[in-house]
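Asks: pasting a predicted model and its sequence here:
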Amino acid sequence: MNPLCDRCGKVVYPTEKVNCLDKYWHKGCFSCEVCKMTLNMKNYKGKDKKPYCNAHYPKTSFTSVADTPENLRLKQQSANQSQVVYKEKFEKSKGKGFSVVADTPEMQRIKKTQEQISNVKYHEEYDKKMSGGSVPCNSSQVSRAASQPSAASQHTNYDPAPVPVQAAAAITPAAAIASVPPPSAGKRYRAVYDYAAADEDEVSFVDGDVIIDVQQIDEGWMYGRVERTGLQGMLPSNYVESI
């Protein structure tokens, strides 16, 4: 006995029968419940044993939970537990040190510049020793330390402006002929860059000059005499190299 079509209720013969969703349909009756578009076994979507096209397939919606007293109590309990976890993690991490900054070439350059600026303190102490009193640090010393090139930048893009020999010889600061510390025995240095004195207690020189009677003041500065001109004073250590 032939079954009946679920859509039209008429007999479905084997040549036009579609067996789907536990029901029987005529091929023309197997259509979307909303738009009535004819479907087949490849493009239909079934829900509650009813066929739908892709556009009209019922979308699944979330169920909203009512704010009942019990649900509100559970929500507050969850919030309290999360606060406990947060405080526990905070107590464990409290007191630990800061993260270590990577020792990159840029950080080394910044560190070197800060050290050079701090050398102003040494110049102040040296001036006190030379004058026997208290000499305040002036702004020219700060600008001199800040403008001094670092060791990393000297070998990369440093292009010092040339200083004429006559101009270097003409610079005769009054403080250059003052009493000097005892020289280091046997040490001689050669200038690798031109340097123009930025203060009265410094000495100018050009690339290739030999520096004698050298005494190291600190890591960034030394005291010496230029063999070519006979002038003596303070000079930056990273502008010369040991012979």
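Replies: Happy to help now that I have it. Numbers count the residues shown, from 1 in each chain.
Asks: what mean pLDDT would you report for the lengthiest helix in the chain?
Replies: Secondary structure assigned by DSSP state H gives helix 105-131 as the longest helix of the chain. Across helix 105-131, the average pLDDT comes to 74.
Asks: give the buried residues for that helix.
Replies: 109, 112, 113, 116, 117, 119, 120, 123, 124, 126, 127 (16 or more other CB atoms under 10 Å). Placement of C-beta: from N, CA and C, glycine included.
Asks: and for stretch 219-228?
Replies: Going by neighbour count (16+ other CB under 10 Å), the buried part of stretch 219-228 is 220, 221, 222, 223, 224, 225, 226, 228.
Asks: quick check: closest non-adjacent residue to the second one.
Replies: In other words, residue 221. residue 234 (5.5 Å; CB to CB, 6 or more residues apart in numbering).
Asks: secondary structure element holding that neighbour?
Replies: Using DSSP states H and E, residue 234 sits within strand 232-236.
Asks: how about residue 78?
Replies: Per DSSP H and E, residue 78 falls inside helix 69-93.
Asks: just checking, what packs against that helix?
Replies: Counting contacts by 3 or more CB pairs under 8 Å, 6 or more residues apart in numbering; DSSP states H and E, helix 69-93 is packed against no other helix or strand.
Asks: quick one on the thing from earlier: can you redo the buried residues of stretch 219-228 as a markdown table with pLDDT?
Replies: Output for the buried residues of stretch 219-228, formatted as a markdown table (pLDDT from 0 to 100):
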| residue | pLDDT |
| --- | --- |
| 220 | 87 |
| 221 | 90 |
| 222 | 90 |
| 223 | 91 |
| 224 | 92 |
| 225 | 93 |
| 226 | 94 |
| 228 | 92 |
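Asks: right, and out of those, which lies closest to residue 198?
Replies: Residue 198 lies nearest to residue 221 out of these, by CB to CB, at 11.9 Å.
Asks: so that closest one bridges to which residues?
Replies: Beta-bridge pairing for residue 221 (DSSP bridges): residue 236.
Asks: quick one: the helices in this protein, in order.
Replies: Using DSSP H, helices in the chain cover 69-93, 105-131, 139-147, 151-154, 165-170.
Asks: quick one: the second one to strand 232-236, angle?
Replies: Yep, that's helix 105-131 we're talking about. Interaxial angle of helix 105-131 relative to strand 232-236 (axes from the mean of the first three to the mean of the last three CA atoms, to 10 degrees): 160 degrees.
Asks: setting aside sequence neighbours, what's the nearest residue to residue 2?
Replies: residue 11 (4.9 Å).
Asks: okay, and for the chain, where does confidence drop off?
Replies: 61-66, 94-103, 120-122, 125, 129, 131-186 (pLDDT under 70).
Asks: domain assignment for the protein?
Replies: 1-59, 106-154, 165-242 (automatic domain parsing).
Asks: could you identify which of the ones you listed is most buried?
Replies: Across the domains of the chain, averaging neighbours per residue (mean count of other CB atoms under 10 Å) puts domain 165-242 on top, at a mean of 17.
Asks: closest one of the buried residues of helix 105-131 to residue 1?
Replies: The closest of those, once distances to residue 1 are taken by CB to CB, is residue 109, at 95.4 Å.
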